[in-house]
Each structure stands twice: as structure tokens, then as C-alpha cells.
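Enquirer: missing the sequence, but the structure's below:
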Ligand code: IMP
């Protein structure tokens, strides 16, 4: 029938995992990842245990839902095998419930090494999971796909690509564990996802497309070069799954009540030292994939407005306002002043974004993140009036049930 896309509106880590887990129980047949790879870390609390997913869509906890890894995703078979084990440990069998596109590209053991060597000169703050180099091989038309695993000459093709990597200065790795994990991908269904999904949609199925990273890390629309190597915006759901744009019904945008960023790059509302540490501790802001402390700052409405427009968001979800409960004074950025003195109410591209000085509104924090609390109502009003749309859902804790709907 239709596809709803759920994605992050900031620099990732908006709490998408919990929302996908929750949303996927609303009659979806499939939950599908369409971009990125194991640089993502989607955290879900399942029966009191914290599970971090890197490839498997967060819909895996919803009974009866099938999970899809689309062609736009890059897959590390070793990481995926560990993830499947972790899920087994909490009583979730993955097996054929997971459908992987024949066209998804494989992360080889050499790709993270290339990432590490690029990082030395580029200093992006990459998660070093080999994501960029794998997409580079895809664009260079020499990458290996999940479909290649099914062919007899797969070992030869792996050796061929690692030989190219050796010529780039990366020592040939031991490939035994990789080959085993790559062959084990057949425990899942390997399929032409584009055909399978469009047929399913024609037969009335509902699909939830799960974004990874965040809008402000998009390869084109993020703050290049401090971006990830895939498109993280709503349009990528079409190219990363092989579905036509007219299939998309809702775009659900998720944002945190404050801002965080891992890795380098511009962050106009960033806090420093003790102020940053206070927010980091209150929000538990450490990378789910790398454990790195996240940079922390105030909510940036011009950046959020940009993200809402770019994705055509029609349903907005706020997460983690509970972190700011009883926080005292808080700030919200409503515009920036650039180096020439111009005012911007929407995040501009280069060169004005350099040296943007945020203009803040100061508010008192709330006791409780609910509309009946005057402090929270004021904050919500400011966000809604700046964005020109309502915040329909407020998630106020990690648990599945901790979410309020304001229809
Ligand atoms: P890469 O995609 O691992 O190369 O990282 C590029 C940039 O995106 C770095 O700043 C990373 O910290 C950031 N990044 C990548 N994946 C995520 C994510 O899932 N959440 C938040 N930041 C991410």
C-alpha cells in the first residue's frame, strides 16, 4: 500500500531506534533500512535489556514484522553475524525474517583499514567502520555485493578487490572469518528487494523505512566534508530500496530537545567544558557504536527548520525532553548572525555557515515534559511557531511506552 519514512533531523542519535521499535507495531509488514551501515547504532530496550542494532532494522522486535536491508545499505557480514547472536541472546530469532538485497554492498576487512588511513589526513571523525571506502568502491564499480556471495567465483572476486586495496597500501588481511560470515548471509533471505517490496506494496503491504545517521550528515545536504557517505534524507528511501517516490505517504522526522554531534564539523550551538559535560551526563550522550562522548549543545531551530523542509516532514517527534526536566535555564537558538552581520533563520550552506553566531531565546526548563506543564508548553510553542508545524509525538524516556501523542 504505502511507505512511511522515519528519519533523524539532526546529526544522528535522535532516538530513532526506540521510535522505529514502537512504530513498527502499528500494522507494518516490513521495516526496511535504506542507507548507511554499521556506523549506525540504534538502541532499543527490550525486556529490560539494552540492545544496540547496527544493520538489523529496529522492527525486529515486533512480532510478525519482516525486516529488510535495502540496496542502499553497506553490510559487514562479521558485524551482522554478531548482531544476530546478540538478538538470539535476548530471545529474538532473525533467520529468514531478515531479507537482504542482492544489491547491497559488502564491507570487506580492508575497508575499515582504508577508512583509518583516510581519517589521518581528513579528520572527519568517522566511526571507522569502513563505510566511506565501501561506497567509494561501489561508485568506482568494483565493489562486491551480497548477491556475489551466491556465485562460485566469490572467493576470487574478494581476492581481486583486496589486491586492489593492497596496491593502495593496505596489507592483505586474513579472510577466513570474513568468508565464513559472508557465506552465512544465506541464513537470511537474499532477494531482489526492489521487486519484492513493490509487489508487496501492490498487494496492500505497509512498509516503514528506517533512516540512519541524520539529515545534517547527508552527503550533499550535510556540512560537507563533515558528512557521512550516504544520503540520509527522505529521497534516499526510494533509491535505497528501489521504490517509486509516489509510494511514500508520511515522512516522520525525529529530533532531540537539544543537540548532539559525534565527530568533527560545524556545530553552532555547541556547549563547552562543564556546560557540555552537564548535558552529556544528563542525557547519557556517548556513542552507541563507538562509545565516544558526544558533543552537546542547545536545540538549533534554524538547522531543524532546514531539515524539516528538506525531507518534507509531515509528522514531527521530539525525543528526550525529560533530560532537561528541572534543568534551570535553557536556551534555544532561533537564528544566526553571520560574519557579515546578516541574519539567518534557516541554516545556510557555505560560506555563510562559517562563523555563524547563534541568537538564543532563554527559557526556564520544566518539571515534567507534558503540555500541562507551563514551562514545557512554552518551549513547545516556540518550537512549533518557528517550524510552522505541530510536534505530534513526545518521547520522554527509553521505554517503549514512554511516548505521548498530541493529535
Ligand atoms: P562515517 O559515516 O563513519 O564515515 O562517519 C562520518 C561522520 O558521520 C562522523 O562525524 C561520524 O561521527 C558521523 N556518524 C556516522 N554514523 C553516525 C551515527 O549513526 N550517528 C551519529 N553520527 C554518525
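Expert: Happy to help now that I have it. Fair warning: this is a prediction, and the values are worked out from it, not measured in the lab.

Enquirer: contacting residues around residue 58?
Expert: Going by Cβ atoms under 8 Å, 6 or more residues apart in numbering, residue 58 touches 16, 17, 18, 20, 21, 24, 31, 42, 44, 210. The way it works is simple: take the backbone N, C-alpha and C, and place the C-beta from them, glycine included.

Enquirer: now the two most distant members of these.
Expert: 18 and 31 (13.4 Å; Cβ to Cβ).

Enquirer: near the ligand, which residues of the chain?
Expert: Neighbours of the ligand within the chain, by Cβ under 6 Å from any ligand atom: 11-13, 39-41, 124-127, 129, 131-132, 212-213, 217, 228-229, 262-263.

Enquirer: rerun that using 8 Å as the cut-off
Expert: Within reach of the ligand by Cβ under 8 Å from any ligand atom, the chain has these residues: 8, 11-13, 36, 39-41, 115, 124-129, 131-132, 212-214, 217, 226-230, 261-265, 287-290, 292.

Enquirer: against the ligand, how distant is residue 180?
Expert: According to Cβ to the nearest ligand atom, to the nearest Å, residue 180 and the ligand sit 25 Å apart.

Enquirer: counting by contacts, list what the helix or strand containing that residue packs against.
Expert: With elements taken from DSSP states H and E, the one containing residue 180 is helix 176-183. Secondary-structure packing of helix 176-183 (3 or more Cβ pairs under 8 Å, 6 or more residues apart in numbering; DSSP states H and E): helix 77-89, helix 154-167.

Enquirer: which element is encountered next along the chain beyond it?
Expert: strand 189-191.

Enquirer: neighbouring strands of that following strand in the sheet, and parallel or not?
Expert: strand 98-101 (parallel) (DSSP bridges).

Enquirer: so which of the contacts of residue 58 is the most crowded?
Expert: Counting neighbours by other Cβ atoms under 10 Å, residue 210 leads these with 31 neighbours.

Enquirer: which strand residues bridge that one?
Expert: residue 6, residue 33.

Enquirer: give the contact list for it.
Expert: 6, 7, 16, 20, 31, 32, 33, 34, 42, 57, 58, 59.

Enquirer: could you check how many residues crowd around the closest residue in space to residue 242 that isn't next to it in sequence?
Expert: Spatial nearest neighbour of residue 242, chain neighbours left out: residue 194 (2.4 Å); criterion: Cβ to Cβ, 6 or more residues apart in numbering. Neighbourhood size, residue 194 [other Cβ under 10 Å]: 17.

Enquirer: what of residue 94?
Expert: For residue 94, using other Cβ under 10 Å, the count is 18.

Enquirer: do I have it right that it meets residue 88?
Expert: Yes - counting by Cβ atoms under 8 Å, residue 94 does reach residue 88; the two are 7.5 Å apart.

Enquirer: nearest spatial neighbour of the residue of the chain found nearest the ligand, skipping sequence neighbours?
Expert: Residue of the chain nearest the ligand, by Cβ to the nearest ligand atom: residue 263 (2.0 Å). Nearest residue to residue 263, sequence neighbours excluded (Cβ to Cβ, 6+ apart): residue 125, at 2.7 Å.

Enquirer: residues of stretch 333-344 that come out buried?
Expert: Going by neighbour count (16 or more other Cβ atoms under 10 Å), the buried part of stretch 333-344 is 333, 334, 335, 336, 338, 344.

Enquirer: among the residues you listed, which two are most distant?
Expert: 334 and 338 (14.9 Å).

Enquirer: filter the contacts of residue 58 down to the ones in helices?
Expert: Mapping the contacts of residue 58 onto helices (DSSP state H) picks out 16, 17, 18, 20, 21.

Enquirer: among those, which one sits closest to residue 82?
Expert: residue 17 (17.1 Å).

Enquirer: the worst-scoring helix or strand of the chain on mean pLDDT packs against which elements?
Expert: The weakest-scoring helix or strand in the chain, judged by mean pLDDT, DSSP states H and E, is strand 42-46 (a mean of 89). Under the contact definition 3+ Cβ pairs under 8 Å, 6+ apart, strand 42-46 sits against helix 16-23, strand 49-53.
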